[in-house]
Every structure is written in C-alpha cells, then in structure tokens.
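S.K.: Task: produce atomic coordinates for the following.
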Amino acid sequence: MTSDSPIPEPVDHFSVTDRDLVQAMRQGQIEALGVLYDRYAKLVYGLALRILSNTEEAEDVAQEVFLSLWHRQTYDPSRGSLSSFLMTMTRSRSIDKLRSRNTGFRFLQRWKGLTREELSSSTPLEQASISERSERVRHALAQLPEAEREILQIAYYEGLSQSEIAQRLNMPLGTVKTRSRQGLLKLRKILQDCV
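M.R.: Model (predicted):
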C-alpha cells in the first residue's frame, strides 16, 4: 500500500497492517478507522468493562478511545503496537471514569451522611446548624441550571442511579452523566466553604 493510495476495497482487511491503516487514517480515510475498530473494539470494550463493571460506561470509553485515535492521532508506530497503545488508552480512560464516578458519589454521600448524623442530634444549637446547612444546600441547588438541578435532586433525594434517571427523564445516559458531573462541580464550588 502506498502512502497516498486508499485501502484496497474488496481485499481481506486483515492482510492490511495496522501501520498502513493508521497512515490511511491520517490521510482522512474513515474506512481505515472502521477496519481498526473491527479489529480492536472487542478488546477495548472488554478491558473497559472489566475495569468499570458497567456496560454503558464501557461503551462510552470504547467510543472515546476510537474517537481520540481518529481526532488526535497520537499513536506512534515506532513506540509499540497499536493494540498496546489502545489498551493503555482504554485503561487510562476507564480509571479516569472510575475516579470521576467516585468523586461525585463521595460528595453526595458526604452530604447525605452529614444529614443523617445531624438529624440524630437533639440540641437546639445542633438543630439550628442543620437547618442553616440545609438552607445553604437548597440555595446552592437553586443556583444551578434546571437540567443539572433536576438530575442531582433525583439522585440525592430519591437515590436513583444515572441509568435510572436517564430512563425516567427519557434522555441519553451520556447527557445525564454530563449534567450530573457539571452540576456537582458547580455545587462543590458554591458550597466550598461548607465541605
């Protein structure tokens, strides 16, 4: 395959090397990405699923990995195999997703735990403190855009997962995740002095 020739059409795509496909992809041939996806999608998805234990998140990671391969084109064949590069990228993205998931969950759990602990206290001073903090949280939530506020309220007050929220609100899971993450970041910033 020459540097400016397209991928041979009806030829067995497994006879074309990864290096040739990467070169074709860099020249804008989307078909090359399709062939690479066919070769490595199961591997990428499988690793993401093992790390995340969540099919939707594993699908998101697989999509991110291949989109990054297409858009960023950071793979250097002289530094190792494409499969190793994809596995490293998948592992990194999956761990980032775990950290993001855990950060948001810990933040909500901290507020939920504070509320439960504080409700068991009985002194008037403690009750006043609980009331003040609850008012701060309500005020902070009110400052969020409606879409983000609704998702956080459902997650916190009703305890629904992101998948359940997506189903209830009839919206893509990715949208729920994005709005939840954005809302949590804004809420954390607003409540920074309380946390």
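S.K.: which other residues reach the host helix or strand of L33?
M.R.: Element membership for L33, per DSSP states H and E: helix 30-52. Contact with helix 30-52 is made by 6-7, 13-14, 16, 18, 21-22, 24-25, 55, 57-59, 61-62, 65-66, 69-70, 82-83, 86-87, 90-91, 93-95, 97-98, as judged by CB atoms under 8 Å, 6 or more residues apart in numbering. No exception for glycine: its C-beta is placed from N, CA and C like everyone else's.
S.K.: mean confidence for that helix?
M.R.: Here helix 30-52 scores 91 as its mean pLDDT.
S.K.: and it, how far from the chain's centre?
M.R.: 17 Å (CA atoms, centre = their mean, to the nearest Å).
S.K.: got it, and stretch 156-172?
M.R.: Worked out by CA atoms, centre = their mean, stretch 156-172 lies 16 Å from the chain centre.
S.K.: Can you classify T178 as helix, strand or coil?
M.R.: Assigned with DSSP: H, G, I helix; E, B strand; the rest coil, T178 falls in the helix class.
S.K.: about what we covered before: mind listing what's buried along the next helix or strand after the helix holding L33?
M.R.: Next in sequence after helix 30-52, counting helices and strands by DSSP H and E, comes helix 55-71. Going by neighbour count (16 or more other CB atoms under 10 Å), the buried part of helix 55-71 is 56-66, 69-70.
S.K.: Then stretch 74-83?
M.R.: Y75, L82.
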